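Peer 1: need coordinates for the following:
(one chain, ligands or ions: 2)
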Amino acid sequence: MIKNCFSSSVISSSSTSYSTYIAGFAGAFAGSIEDSFFNGTITRSRNGSALVYSEGFNTTVTNSYYIDTVFATAGKSTSMSAERMKSGELCWLLQNGQPDTTVLVWGQSSLTSYPKFYTSENWRVRKVECGDTPYYNIGKVLGDTNGDFTVNSVDLTRFMKASVGFGYADGGLSELTVGDLNSDGTIDAIDAAMLEMAISGGTDYKLQ
Ligand SMILES: [Ca+2]
Ligand SMILES: [Ca+2]
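Peer 2: Ligands and ions are numbered 1, 2, ... in the order given. Just a heads-up that it's a prediction; the model follows:
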């Protein structure tokens, strides 16, 4: 079994032989691959699957991905762009495949890098439901006042109250960490307007 693995290797062969089996993880492999990804390069004269060159009936691939710039047929793995791989989506998918998702295996230090192995909750990627399109963030979730990883009208009500001076006990906000969307040190009508835009969807506006 190959589980929780990644490779960024540069793999190359000039051989044109039919018996040259090369791919991101293995030439031939009768087993299971789970919660893994490949984001390297493969140079080969004959096309094959991305993770395992020759997939057989005994090869199972679950929740595993390869970068879409690789010369490959999809096989049993899933193609994904570098942008999506770094966006937090891949990290969230890999972590969500764990038998116990509360134990952190995959994390990310920034939304411009690829997933890596982290055990600190500081680097857990969160999926945020907001407007039409979910997005991903690390650690805190801006705009989420009640910690339910959804940004909606419940949160907006608190923002509106906070913007006219209400504290948390009165239905407003107390934490700059989730409420100061433009990082100017205050919670005001600008932050409330930004949240409303994000909730209304239809754009790719994200609270990060
Ligand atoms: Ca919320
Ligand atoms: Ca602000």
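Peer 1: kindly export whichever strand in the chain runs longest (C-alpha atoms) in CSV.
Peer 2: Ranked by residue count, the top strand of the chain under DSSP state E comes out as strand 125-130. Extracted C-alpha coordinates of strand 125-130, given in CSV (Å, rounded to 0.1, in the frame of the first residue of the first chain):
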residue,chain,number,x,y,z
VAL,A,125,-6.6,23.8,6.0
ARG,A,126,-10.3,24.7,6.5
LYS,A,127,-13.0,24.5,3.9
VAL,A,128,-15.2,27.5,4.1
GLU,A,129,-18.7,27.6,2.7
CYS,A,130,-19.3,31.1,1.5
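Peer 1: count of residues packed around the spatially closest residue to residue 129 that is not a sequence neighbour?
Peer 2: Closest residue to residue 129 apart from its sequence neighbours, by CB to CB, 6 or more residues apart in numbering: residue 150 at 4.6 Å. C-betas here are computed from N, CA, C, even on glycine. A count of neighbours around residue 150, defined by other CB atoms under 10 Å, yields 17.
Peer 1: my read: residue 150 touches residue 134, true?
Peer 2: No: using CB atoms under 8 Å, residue 150 is not in contact with residue 134; the gap is 9.8 Å.
Peer 1: next one: the nearest residue to residue 15 once chain neighbours are set aside relative to residue 23, how far apart?
Peer 2: In space, and not counting its chain neighbours, residue 15 is closest to residue 45: 6.8 Å by CB to CB, 6+ apart. To residue 23, residue 45 is 13 Å away according to CB to CB, to the nearest Å.
Peer 1: out of the two, which sits in the more crowded spot?
Peer 2: Ranked by neighbour count (other CB under 10 Å), residue 45 and residue 23 place residue 23 first, with 25 against 12.
Peer 1: near ligand 1, which residues of the protein are found?
Peer 2: 144, 146, 148, 150, 155 (CB under 5 Å from the ion).
Peer 1: rerun at 6 Å
Peer 2: Proximity of the chain to ligand 1, by CB under 6 Å from the ion, involves residues 144-146, 148, 150-151, 154-155.
Peer 1: please parse this protein into its domains.
Peer 2: Domain assignment of the chain by automatic domain parsing yields the ranges 2-83, 139-208.
Peer 1: quick check, distance from the longest one to the centre of its chain.
Peer 2: Centre-to-centre, domain 2-83 and its host chain are 20 Å apart (CA atoms, centre = their mean, to the nearest Å).
Peer 1: return the residues in contact with the residue nearest to residue 81 when sequence neighbours are not counted.
Peer 2: Excluding the flanking residues, the one nearest residue 81 by CB to CB, 6+ apart is residue 68, at 5.2 Å. Each residue near residue 68 by CB atoms under 8 Å, 6 or more residues apart in numbering is listed here: 79-82.
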